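[1] no FASTA, just this:
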């Protein structure tokens, strides 16, 4: 390939991979188009105008752009209301605000998708013993185990919800650092239907990180009451510099807003400090960026399957998020893969990723991300804890062409480092 020295074996395998996933890429194009048209309608319904890109300072009273952005996301997510703010520092922060905004002492939240993602565990109080966790406030967080194949144990879920009548049923859509499959809208709907049938008052909350704009069906239209995520993942379109969102039923979003600011002020305050334009532009670009990342994941699955590696999801599987898991088998291949992804970046391509300790993670973690926005996982990135089974979690790709190149370079580096 011109400009890059990629082994002929990888080039041939890439051509075959493109043939294998041609139908799936076409299907993603159709989802992109649907969600992009819906997003344009969201902007029009919210009456977005150029003056909404202006900045506010101080308390941020009467920031019409901030309020319109909430309406854009609410429409796009089929929500009654949304809280979209640059001062959510991460998806974990948005989830934590939602948990603390809705739950009260002696309430129980039941997670029905196994152990939740590493960084939320300290907020819950499962790991780390940090002051101020849900556990500190006597809020109970219980977990139902998954079946041996990593799927939801619907029988156990129904039994637990019926017995405990929890204040909240908590669903994590994406797999985190686990091998379980991501949930599509169909699995999410099944959990919601079960919960509503045996405990209609339980609030269903979804960690929607990495799942936005991947399907035509939004979780809030099939039974989820409230969900949260990060703007430096799918819904920020690779343009939002920071931030997060909470969306869902109006009264629940209001409770979360009272937790983010203060009871009584809620959504009415909060200066935007000049980021409105980027947040609007990120929302506009989000359906396309999410689709490009999804195409990159499909291509990676096909390519590495051809090269003899186990991948999940398979290239032709239905998907609920942008994450691609590749089983590399040992530490050196894992480090090589991440080095290859980094070498395909436009930013910091010369950097060599190395495993290190990171806040919120129990194992050393290696991360590859040559990103315009620090930590942005809608841009091509790969990360993994250094532990068995030495799998890598890859996600992102602002456009398919650069994403495809990064994947090919990762495969090339794995191949060459084996020689």
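    Structure received. Everything numeric here is computed off the predicted structure, so don't read it as measured data.
[2] could you identify the longest helix within this protein?
    When the chain is parsed with DSSP state H, its longest helix is helix 276-306.
[3] so for the helix or strand that that helix is followed by, what's the average pLDDT?
    Under the assignment DSSP states H and E, the closest C-terminal helix or strand after helix 276-306 is strand 310-312. Here strand 310-312 scores 97 as its mean pLDDT.
[4] pLDDT weak spots in the protein?
    For the chain, the stretches flagged by pLDDT under 70 are 1, 360-361, 419.
[5] what about the strands in it?
    Per DSSP state E, the chain carries strands over the ranges 81-85, 108-111, 140-143, 168-172, 203-207, 226-230, 244-248, 310-312, 324-327, 365-369, 381-385, 391-395.
[6] export those as CSV, with columns for mean neighbour count and distance to residue 71.
    C-beta: built from backbone N, CA, C; applies to glycine. What follows is the strands of the chain, written out as CSV (neighbours: other CB atoms under 10 Å; distance: least, CB to CB, whole Å):
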stretch, mean neighbour count, distance to residue 71
strand 81-85, 26, 8
strand 108-111, 21, 29
strand 140-143, 18, 32
strand 168-172, 26, 25
strand 203-207, 25, 21
strand 226-230, 28, 17
strand 244-248, 31, 11
strand 310-312, 18, 37
strand 324-327, 24, 33
strand 365-369, 22, 32
strand 381-385, 23, 31
strand 391-395, 25, 28
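[7] check which helices and strands the longest helix of the chain sits against.
    Counting contacts by 3 or more CB pairs under 8 Å, 6 or more residues apart in numbering; DSSP states H and E, helix 276-306 is packed against helix 8-20, helix 22-45, helix 64-76, strand 310-312, strand 324-327, strand 391-395, helix 400-417.
[8] and of these, who's closest to residue 235?
    For the helices and strands packed on helix 276-306, proximity to residue 235 was assessed by CB to CB; helix 64-76 is nearest, at 7.2 Å.
[9] in that closest one, what's buried?
    By neighbour count on 16 or more other CB atoms under 10 Å, the buried set for helix 64-76 is 65, 66, 68, 69, 70, 71, 72, 73, 74, 75, 76.
[10] how about the strands of the chain in CSV, adding distance to residue 407?
    Shown next, in CSV, are these (distance: least, CB to CB, whole Å):
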stretch, distance to residue 407
strand 81-85, 31
strand 108-111, 32
strand 140-143, 34
strand 168-172, 26
strand 203-207, 26
strand 226-230, 23
strand 244-248, 28
strand 310-312, 11
strand 324-327, 9
strand 365-369, 12
strand 381-385, 9
strand 391-395, 8
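[11] of all the ones you listed, which one is nearest residue 125?
    Nearest of the strands of the chain (CB to CB): strand 140-143, 7.0 Å.
[12] and the helices in the stretch 51-200 of the chain, which stretches?
    Assigned by DSSP state H, counting those that start in this stretch, the helices in the stretch 51-200 of the chain fall at 64-76, 91-102, 118-124, 154-164, 185-198.
[13] out of the ones you listed, flag the one nearest residue 288.
    Nearest to residue 288, of the helices of the stretch 51-200 of the chain and by CB to CB, is helix 64-76 at 13.1 Å.
[14] what's that closest one in contact with?
    By CB atoms under 8 Å, 6 or more residues apart in numbering, the residues outside helix 64-76 that reach it are 35, 38-39, 41-43, 45-48, 51-54, 56, 60, 79-85, 218, 235, 245, 247, 267, 270, 272, 276, 279-280, 283.
[15] ok, now with 6 Å
    39, 42-43, 45-46, 48, 52, 81-82, 84, 245, 247, 272, 276, 279, 283 (CB atoms under 6 Å, 6 or more residues apart in numbering).
[16] what pairs with residue 384 across the strands?
    Beta-bridge partners recorded for residue 384 (DSSP bridges): residue 366.
[17] the chain should start at 59 in everything you say after this.
    Happy to do that; since the first residue is 59 now, the last one works out to residue 442.
[18] what sits against residue 242?
    Neighbour list for residue 242: 376, 378 [criterion: CB under 6 Å, 6+ apart].
[19] give me the distance between it and residue 130.
    Residue 242 sits 25 Å away from residue 130, going by CB to CB, to the nearest Å.
[20] chain center to stretch 369-381: distance?
    Computed by CA atoms, centre = their mean, to the nearest Å, the chain-centroid distance of stretch 369-381 equals 14 Å.
[21] could you do stretch 350-363 as well?
    Distance of stretch 350-363 from its chain centroid, counting by CA atoms, centre = their mean, is 17 Å.
[22] now what about that stretch, what contacts it?
    71-72, 75, 78-79, 82-83, 86, 369, 373, 380, 382, 384, 436, 452, 454-455, 457-458, 461-462, 465, 469.
[23] same thing with stretch 444-461?
    With contacts defined as CB under 6 Å, 6+ apart, stretch 444-461 is touched by 296, 347, 350-351, 353-354, 358, 380-388, 392, 395, 413, 421-422, 435-442.
[24] any buried residues in it, and which?
    Within stretch 444-461, the residues that count as buried by 16+ other CB under 10 Å are 448, 449, 450, 451, 452, 453, 454, 455, 456, 458, 460, 461.
[25] I'd like those residues as TSV, with distance to residue 181 appended.
    Putting the buried residues of stretch 444-461 into TSV (distance: CB to CB, whole Å) gives the following:
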residue	distance to residue 181
448	28
449	25
450	26
451	21
452	26
453	22
454	24
455	29
456	30
458	35
460	34
461	32
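[26] what's the closest of the helices of the stretch 109-258 of the chain to residue 428?
    Among those, the nearest to residue 428 by CB to CB is helix 149-160 (20.8 Å).
[27] what helices or strands is that closest one leaning on?
    Helix 149-160 sits against helix 176-182, strand 284-288, strand 302-306, helix 308-318, with contacts defined as 3 or more CB pairs under 6 Å, 6 or more residues apart in numbering; DSSP states H and E.
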